[in-house]
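Asks: okay, predicted coordinates and the sequence, questions at the end:
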Amino acid sequence: MERLTSDRPVPPHLRGGVVALGNFDGFHRGHQAVVGRAVDLARASGRPAIVATFDPHPVRYFRPAAAPFLLTDMEQRARLFAAAGADAMLTFRFDAALAGVSPEAFVTDHLIGKAGAAHVVTGLDFTFGARRAGDVAALQALGEARGLVAEAVSPVEDEGTPISSSRIRMALAEGDMDTAAALLTRPFAIRGGVRHGDKLGRTIGYPTANIEMGEYQRARYGIYAVRARLADGRVFDGAANLGIRPTFDPPKELLEAFLFDFTGDLYGEPLEVELIRFLRPEAKFDTLDALVAQMDKDCAEARRVLAETL
């Protein structure tokens, strides 16, 4: 899959394609339906399938002080789009210029001009243009006048309620990883470079790979059963602490993953950690011996959970 940016036109071999258009953060079941429809249309008509997304997320542009909320980073999104059958991922840079574009200009200059779209597929709630003045009806009307076909995919429901990124964020905040995974169709995963920590874990027999949370939605603080994917493709089960480590001073917000049966150096390497099951809240221990005893129990429980979760 090719990766494209909106600062230059889509290359000729990808023009005239079917474009799935949206933020697609999380790429949950509803997003998958939109992209799936675009891919099906593209294959049926012999056209390229392009997934267009935005970076940064418009919420981050309009509300820069908003708490972290992302469900995927751009690398994860690209991998998910490729697996869904996209030929290319087009990233629109969401800045002041794009935020101020009229709906007409967005269709003419960006979708048709830069993206070379012949057909656009969105969700029913998609809005675009300055002050969110454009909706699906406007997209269809503006497109029809310019030879661009536009259609919208109805929301996908789960237990009678539309699937949304907000529902997934709420599940994560509650530590309900099973619900989040069901809506996403995969475990929620945090990806980042392994950084140096204070190396206290190795002194008590639990060396950890430490990842900063960045812009990811914060799941409930606590201990998790996890699976970690290394840069070379190897996968290790483990247990992780997500939070501020109240036993240690000063507190640091980190995801600290202890990988079972792993030996080696991961510093500076990308690591993706799937949060499979919430085990318990964070707790403060009076002694290191008490902490180690609890970690022994946590790892035993994580192994049990993961053995039942393939």
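Replies: Received it, and whenever you're ready, just let me know what you need. Numbers count the residues shown, from 1 in each chain.
Asks: show me what counts as buried in stretch 10-20.
Replies: Buried positions in stretch 10-20, judged by neighbour count with 16 or more other CB atoms under 10 Å: 10, 14-15, 17-20. To be clear about C-beta, it is placed using only N, CA and C from the backbone, and glycine gets the same treatment.
Asks: ah, wrong one, I meant stretch 72-89
Replies: Residues of stretch 72-89 classed as buried under the neighbour-count rule (16+ other CB under 10 Å) are 72-74, 76-82, 84-89.
Asks: quick check, nearest of those residues to R220?
Replies: Proximity of the buried residues of stretch 72-89 to R220, judged by CB to CB, is greatest for T72, which lies at 18.9 Å.
Asks: taking the mean pLDDT, what do you get for stretch 43-63?
Replies: Average pLDDT, stretch 43-63: 96.
Asks: next one: stretch 129-145
Replies: Across stretch 129-145, the average pLDDT comes to 95.
Asks: give me the contacts around it.
Replies: The contact list for stretch 129-145 (CB atoms under 8 Å, 6 or more residues apart in numbering) reads 99-108, 111, 120, 122, 124, 126-128, 148-152.
Asks: so how far is P64 from I244?
Replies: 23 Å (CB to CB, to the nearest Å).
Asks: secondary structure for the buried residues of stretch 10-20 - can I get that in JSON lines?
Replies: Shown next, in JSON lines, are the buried residues of stretch 10-20 (DSSP: H, G, I helix; E, B strand; the rest coil):
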{"residue": "V10", "secondary structure": "coil"}
{"residue": "L14", "secondary structure": "helix"}
{"residue": "R15", "secondary structure": "coil"}
{"residue": "G17", "secondary structure": "strand"}
{"residue": "V18", "secondary structure": "strand"}
{"residue": "V19", "secondary structure": "strand"}
{"residue": "A20", "secondary structure": "strand"}
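Asks: let's have those in CSV, adding pLDDT and distance to A307.
Replies: Conversion of the buried residues of stretch 10-20 to CSV gives the following (pLDDT from 0 to 100; distance: CB to CB, whole Å):
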residue, pLDDT, distance to A307
V10, 95, 47
L14, 97, 45
R15, 97, 50
G17, 98, 44
V18, 98, 43
V19, 98, 43
A20, 98, 38
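Asks: now the two most distant members of those residues.
Replies: Pairwise distances across the buried residues of stretch 10-20 (CB to CB) peak at 15.8 Å, for the pair R15 and A20.
Asks: low-scoring stretches of the stretch 51-200 of the chain, by residue?
Replies: 197-200 (pLDDT under 70).
Asks: quick one: the strands in it?
Replies: 88-93, 117-123, 149-153, 157-158, 161-162, 189-193 (DSSP state E, counting those that start in this stretch).
Asks: and the helices in the stretch 1-150 of the chain?
Replies: Secondary structure of the stretch 1-150 of the chain (DSSP state H, counting those that start in this stretch): helices at 29-45, 58-62, 74-83, 96-99, 103-105, 136-144.
Asks: let's have the ones you listed in TSV, adding distance to L310.
Replies: Converted to TSV, the helices of the stretch 1-150 of the chain look like this (distance: least, CB to CB, whole Å):
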stretch	distance to L310
helix 29-45	21
helix 58-62	35
helix 74-83	19
helix 96-99	43
helix 103-105	47
helix 136-144	40
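Asks: out of those helices, flag the one nearest E215.
Replies: helix 58-62 (7.5 Å).
Asks: so where's the stretch 201-310 of the chain shaky on pLDDT?
Replies: Ranges of the stretch 201-310 of the chain meeting pLDDT under 70: 201-205, 246-251.
Asks: ok, which stretches of it are helices?
Replies: 288-307.
Asks: G113 - how many residues pack around it?
Replies: Look at G113: counted by other CB atoms under 10 Å, it has 14 neighbours.
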